[in-house]
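*Asks:* Quick one: sequence and predicted model below, then my questions.
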Amino acid sequence: MQVLSVHSWPQAIAHLDADAFFVSCEQASMPALKGKCVAVGKERGIIIALSYEAKAKGVKRGMFVSDAKRICPGIIILDSNHETYGLFSVRMFEILKRFSPKIEEYSVDEAFIDLTGLRRLYSCSYEEIAVKIQNTIEQELSISVSIGISITKVLAKIASKYKKPHGITAIPGNKIHLYLSNILIEDVWGIGPNTASLLKKFDIKTALDFALKNENFVKKYLSKPYIQIYKELKGEPSIEFIEKISPKSISKAKSFYPPSQKPEDLILPHQTMPFALSIYSLTLFLIMALKDRCFLFFKAISLAS
DNA sequence: ATGGGTCCT
DNA sequence: AGGACCC
């Protein structure tokens, strides 16, 4: 089997993914819930997050609460509390910033951490730095995380998912092929159902099958994002590391049931009022928040159907 | 499933 | 504007 990259660590990118984040936050706030079947999503009647104990009983995300209770009697269903999750998230990123100045906040519960060159500072391997990060978050926040380390973002993503929950997986450049052969093409970050089925027509079933194609093939059939993924799978960094997440737009959208046919439909039904109010409060919020940044302006406040 | 995003063509 | 993909 051929080697995709000869160097072990030309750079070291970690991807951190919290385990069952929303439920972990609830369990950290209410320790009596630890080790139990717990889910979040009571208010809408649909499960949006669940503990590993509940997953083991076959409860799935998107399930009706009523079905979850049937499959898993005794499951504790909680209202979601996004403000709390946001606070845990902020504290988690604060911890990460103690380990490296270069952090990408990818979502509430995910981050990329550039660890390149930090082995000397910590006098240990990249994998051991990841263990220190994992332990610190565990001790200070009572949140369990999984961490993957490799030489590109796409490979770090694969690594963090490789062992979960509470896993640490390091994929050095000279061992990429050993891991990619176990990864289905549809499980690669950025490869959705459409692209996966296209690639399967060319007999590409695993991430390794894709990485071993020649570049001309990839350029012939696929667009830019997929060429980047292809390069990253081979160990060549192509996706930019984004240190600051500043939203380019803020919007509020809602669908109407039944679909609106005429302008009055958007005004008359009383259930559209909360939407009108939220647009109004969003506008007020933006005016307050952007007051002293005169280069920002409203391009559109839209109603979507 | 749904709602909020990004990037690319 | 529409498509594909992400969490």
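*Replies:* Structure's in. What do you need? Residues are numbered from 1 along each chain as shown, chains lettered A, B, ... in the order given.
*Asks:* quick one, helices of chain A?
*Replies:* A:21-29, A:52-56, A:65-71, A:82-99, A:119-122, A:126-141, A:153-162, A:176-180, A:193-201, A:207-211, A:215-221, A:224-233, A:263-267, A:273-290 (DSSP state H).
*Asks:* need the ones you listed in JSON lines with mean neighbour count, mean pLDDT and distance to DNA strand B, can you?
*Replies:* For the C-beta atoms, the positions are set from N, CA and C on the backbone; glycine is no exception. Listed next are these as JSON lines, based on neighbours: other Cβ atoms under 10 Å; pLDDT from 0 to 100; distance: least, Cβ to the nearest atom of the strand, whole Å:
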{"stretch": "helix A:21-29", "mean neighbour count": "22", "mean pLDDT": "98", "distance to DNA strand B": "12"}
{"stretch": "helix A:52-56", "mean neighbour count": "17", "mean pLDDT": "96", "distance to DNA strand B": "14"}
{"stretch": "helix A:65-71", "mean neighbour count": "15", "mean pLDDT": "94", "distance to DNA strand B": "12"}
{"stretch": "helix A:82-99", "mean neighbour count": "15", "mean pLDDT": "97", "distance to DNA strand B": "11"}
{"stretch": "helix A:119-122", "mean neighbour count": "12", "mean pLDDT": "98", "distance to DNA strand B": "30"}
{"stretch": "helix A:126-141", "mean neighbour count": "17", "mean pLDDT": "98", "distance to DNA strand B": "23"}
{"stretch": "helix A:153-162", "mean neighbour count": "25", "mean pLDDT": "98", "distance to DNA strand B": "13"}
{"stretch": "helix A:176-180", "mean neighbour count": "19", "mean pLDDT": "97", "distance to DNA strand B": "23"}
{"stretch": "helix A:193-201", "mean neighbour count": "14", "mean pLDDT": "97", "distance to DNA strand B": "13"}
{"stretch": "helix A:207-211", "mean neighbour count": "23", "mean pLDDT": "98", "distance to DNA strand B": "18"}
{"stretch": "helix A:215-221", "mean neighbour count": "12", "mean pLDDT": "96", "distance to DNA strand B": "10"}
{"stretch": "helix A:224-233", "mean neighbour count": "19", "mean pLDDT": "98", "distance to DNA strand B": "3"}
{"stretch": "helix A:263-267", "mean neighbour count": "11", "mean pLDDT": "51", "distance to DNA strand B": "15"}
{"stretch": "helix A:273-290", "mean neighbour count": "12", "mean pLDDT": "52", "distance to DNA strand B": "8"}
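*Asks:* next one: stretch A:156-175 to chain centre, how far?
*Replies:* 15 Å (Cα atoms, centre = their mean, to the nearest Å).
*Asks:* State the distance spanning the first to the last residue of that stretch.
*Replies:* 13 Å (Cα to Cα, to the nearest Å).
*Asks:* And for stretch A:174-183?
*Replies:* Where stretch A:174-183 starts and where it finishes are 17 Å apart, if you go by Cα to Cα.
*Asks:* returning to what we had before: could you redo the helices of chain A as JSON lines and give each row distance to residue A:3?
*Replies:* Below are these laid out as JSON lines (distance: least, Cβ to Cβ, whole Å):
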{"stretch": "helix A:21-29", "distance to residue A:3": "36"}
{"stretch": "helix A:52-56", "distance to residue A:3": "35"}
{"stretch": "helix A:65-71", "distance to residue A:3": "46"}
{"stretch": "helix A:82-99", "distance to residue A:3": "30"}
{"stretch": "helix A:119-122", "distance to residue A:3": "22"}
{"stretch": "helix A:126-141", "distance to residue A:3": "19"}
{"stretch": "helix A:153-162", "distance to residue A:3": "14"}
{"stretch": "helix A:176-180", "distance to residue A:3": "6"}
{"stretch": "helix A:193-201", "distance to residue A:3": "23"}
{"stretch": "helix A:207-211", "distance to residue A:3": "11"}
{"stretch": "helix A:215-221", "distance to residue A:3": "17"}
{"stretch": "helix A:224-233", "distance to residue A:3": "13"}
{"stretch": "helix A:263-267", "distance to residue A:3": "60"}
{"stretch": "helix A:273-290", "distance to residue A:3": "50"}
